[in-house]
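Asks: this is a predicted model, with the sequence first.
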Amino acid sequence: MLRGVLGKTFRLIGYTIQYGCIAHCAFEYVGGVVMCSGPSMEPTIHNSDIVFAENLSRHFYGIQRGDIVIAKSPSDPKSNICKRVIGLEGDKILSNSPSGFFKSHSYVPVGHVWLEGDNLQNSTDSRYYGPVPYGLIRGRIFFKIWPLNDFGFLRDSPNGHRFSDD
Amino acid sequence: MARRITEKCILRQDDGLLQGPGILKPWITYICFETCFRCFFWKPCNCLKIECIIEKTYGQWWQSLHRTMLRGVLGKTFRLIGYTIQYGCIAHCAFEYVGGVVMCSGPSMEPTIHNSDIVFAENLSRHFYGIQRGDIVIAKSPSDPKSNICKRVIGLEGDKILSNSPSGFFKSHSYVPVGHVWLEGDNLQNSTDSRYYGPVPYGLIRGRIFFKIWPLNDFGFLRDSPNGHRFSDD
């Protein structure tokens, strides 16, 4: 009797591990549904929006300028951030000083990307913690599914003038 | 589980004798001759005019026809692919969440780890945030996301790192930012590490090396850093 219960328990654990692993690999290598929080990507993505993220671009190194990516936060490895890619490695990033008196620029190092939120006034991004290593990127957001009045592919950046790679 | 044969289902044997209505036996594969690509196993066919042929009594000829049925080949292929995906996923999760065997290359961790040494790496410390000073970790390289680096953790977030200028005239120090670690190789003269590319975000760490298994004359747990004086967090 005990052996039957043990056998059933082990079989249940075995199936759980099996399908858990398959689900985990599906989420990691293909993509999944993500809920974003925070105001840093308004008006493209609002707080509590639900989006589709795909992880294939990251593994095939197909992330491009203008993509919205999910990445591990450089300042907090336990949380994720959701920003737009402004510059790839080698791009020149203009940083505006508050006084506007002089503009300096820097280059994005090899293996890094420059991330910025669409809501420039209310976003901690690469302007705060610097370029982000490519290895921290986890996936690319390409489709919003909630709220339904905003269903569909995501818009381009409202700050279009930021994409310069001269 | 036995199913009843209806009048519409005619069982035929190779000597021409009709048999039944009766009970479909579950250990015999029946083939519906007219809908031979649909009723493949012993499910009763719902078609009106069928001739269910008992495969066993027709012997070799039906068995060879059975084997060449397209759906059988497809079924076996899909089953193989399914098993491959299943065990591939389990193996991948085992390597990612528990650990695995890694071969290190490069001279940057001598004398602790030499080129082409094989070591055990465990990934549990990373997920439970248990990486400590003095641990040897594998991390994704900040300058090349396709390759991994293998260095020792010198400082955690908030630690003060002394950077020696070449002239020795003045020493400056910096603090490791939140969420980052400072990595250095044991072979300080021949290692590109955080002294070159700065502190590394914790999120790039993939695992912790704790045991060497090859070469056998160096089998065992890894030694402490030969540069012991570097661990200061005052």
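Replies: Okay, I see it. Note that this is a predicted model, so its numbers are computed, not measured.
Asks: can you tell me how far the residue nearest to B:I136 when sequence neighbours are not counted sits from A:R155?
Replies: In space, and not counting its chain neighbours, B:I136 is closest to B:I209: 4.4 Å by Cβ to Cβ, 6 or more residues apart in numbering or on different chains. C-beta coordinates here come from the backbone N, C-alpha and C atoms, glycine included. Separation of B:I209 from A:R155 (Cβ to Cβ, to the nearest Å): 45 Å.
Asks: between these two, which is the more surrounded one?
Replies: Each of B:I209 and A:R155 has its neighbours counted (other Cβ atoms under 10 Å in any protein chain shown); B:I209 has more, 23 against 13.
Asks: give me the element that one is part of.
Replies: strand B:205-214 (DSSP states H and E).
Asks: any buried residues in that strand, and which?
Replies: Buried residues in strand B:205-214, counting neighbours by 16 or more other Cβ atoms under 10 Å in any protein chain shown, are found at B:205-209, B:212.
Asks: which parts of chain B belong to which domain?
Replies: As assigned by automatic domain parsing, chain B contains the domains B:1-100, B:104-221.
Asks: which one of those has the lowest average pLDDT?
Replies: The stretch with the lowest mean pLDDT among the domains of chain B is domain B:1-100, at a mean of 56.
Asks: specify the local secondary structure of B:I113.
Replies: At B:I113 the chain is in coil, as set by DSSP: H, G, I helix; E, B strand; the rest coil.
Asks: ok, the nearest residue to it once chain neighbours are set aside to chain A distance?
Replies: In space, and not counting its chain neighbours, B:I113 is closest to B:C104: 5.2 Å by Cβ to Cβ, 6+ apart. Using Cβ to the nearest Cβ, to the nearest Å, B:C104 is found at 18 Å from chain A.
Asks: which residues touch B:C104?
Replies: B:113, B:115-119, B:150, B:209 (Cβ atoms under 8 Å, 6 or more residues apart in numbering or on different chains).
Asks: gap between it and B:Q189?
Replies: Counting by Cβ to Cβ, the gap from B:C104 to B:Q189 is 18 Å.
Asks: what do you get for A:L115?
Replies: 35 Å.
Asks: likewise for A:D118?
Replies: 46 Å.
Asks: now do B:G228, the pLDDT please.
Replies: With respect to pLDDT, B:G228 scores 67.
Asks: can you give me the buried ones in stretch A:66-81?
Replies: Here stretch A:66-81 shows A:67-75, A:77, A:80-81 as buried, counting by 16+ other Cβ under 10 Å.
Asks: B:V137: which of the residues you listed is nearest?
Replies: Set against B:V137, the nearest of the buried residues of stretch A:66-81 by Cβ to Cβ is A:P77 (12.9 Å).
Asks: SS state for the closest one?
Replies: Strictly by three-state DSSP, A:P77 counts as coil.
Asks: would you agree it is in contact with B:H180?
Replies: No. Contact criterion Cβ atoms under 8 Å: A:P77 and B:H180 do not qualify, at 9.2 Å.
Asks: what is in contact with the two at once?
Replies: By Cβ under 8 Å, 6+ apart, the residues touching both A:P77 and B:H180 are B:201-202.
Asks: close to chain B, is the helix ranked longest in chain A?
Replies: Once chain A is assigned using DSSP state H, the helix that runs over the most residues is helix A:2-29. Yes. For helix A:2-29, a contact with chain B is found by Cβ under 8 Å from any Cβ of the partner chain, at A:17-18, A:20-22, A:24-25.
Asks: are any of the residues you listed buried, and which?
Replies: A:21-22, A:24-25.
Asks: of all those residues, which two lie farthest apart?
Replies: Across these, no pair lies farther apart than A:I22 and A:H24, at 7.3 Å, counting by Cβ to Cβ.
Asks: overlap in contacts of those two?
Replies: The contact sets of A:I22 and A:H24 overlap at B:C89 (Cβ under 8 Å, 6+ apart).
Asks: correct me if wrong: B:F120 contacts B:R208.
Replies: No. Using Cβ under 8 Å, B:F120 is not in contact with B:R208, being 9.7 Å away.
Asks: would you confirm that B:Q132 contacts B:V153?
Replies: Yes. Between B:Q132 and B:V153 a contact is recorded at 7.0 Å, counting by Cβ under 8 Å.
Asks: ok, these two, which is more surrounded?
Replies: Neighbours around B:Q132 and B:V153, counted as other Cβ under 10 Å, are more numerous at B:V153. The numbers are 25 against 9.
Asks: tell me the secondary structure at that one.
Replies: B:V153 ends up strand, using three-state DSSP.
Asks: how about it, what does it touch?
Replies: Neighbouring residues of B:V153 by Cβ under 8 Å, 6+ apart: B:131-137, B:181-183.
Asks: A:L115 and B:Q189: which has the busier surroundings?
Replies: Taking neighbours as other Cβ under 10 Å, A:L115 and B:Q189 compare with A:L115 leading, 25 against 8.
Asks: before we move on, back to that, give me the subset of the buried residues of stretch A:66-81 touching chain B.
Replies: Near chain B, taking Cβ under 8 Å from any Cβ as the test, the members of the buried residues of stretch A:66-81 found are A:72-75, A:77.
Asks: what are the boundaries of the helices in chain B?
Replies: So, for chain B - with DSSP H - the helices run B:55-58, B:60-67, B:70-97, B:124-127, B:194-197.
Asks: phi, psi for the residue nearest the centre of chain A please.
Replies: Note on chain A: the residue nearest the mean C-alpha position is A:I70, at 1.0 Å, using Cα atoms, centre = their mean. For A:I70, the backbone dihedrals (degrees, to the nearest 10) come out as phi -100, psi 130.
Asks: separation between it and chain B?
Replies: According to Cβ to the nearest Cβ, A:I70 and chain B sit 12 Å apart.
Asks: show the contacting residues for that residue.
Replies: A:34, A:53, A:80-82, A:137-141.
Asks: and which of those residues is nearest chain B?
Replies: Looking at those and their distance to chain B, the nearest is A:I137, at 8.2 Å (Cβ to the nearest Cβ).
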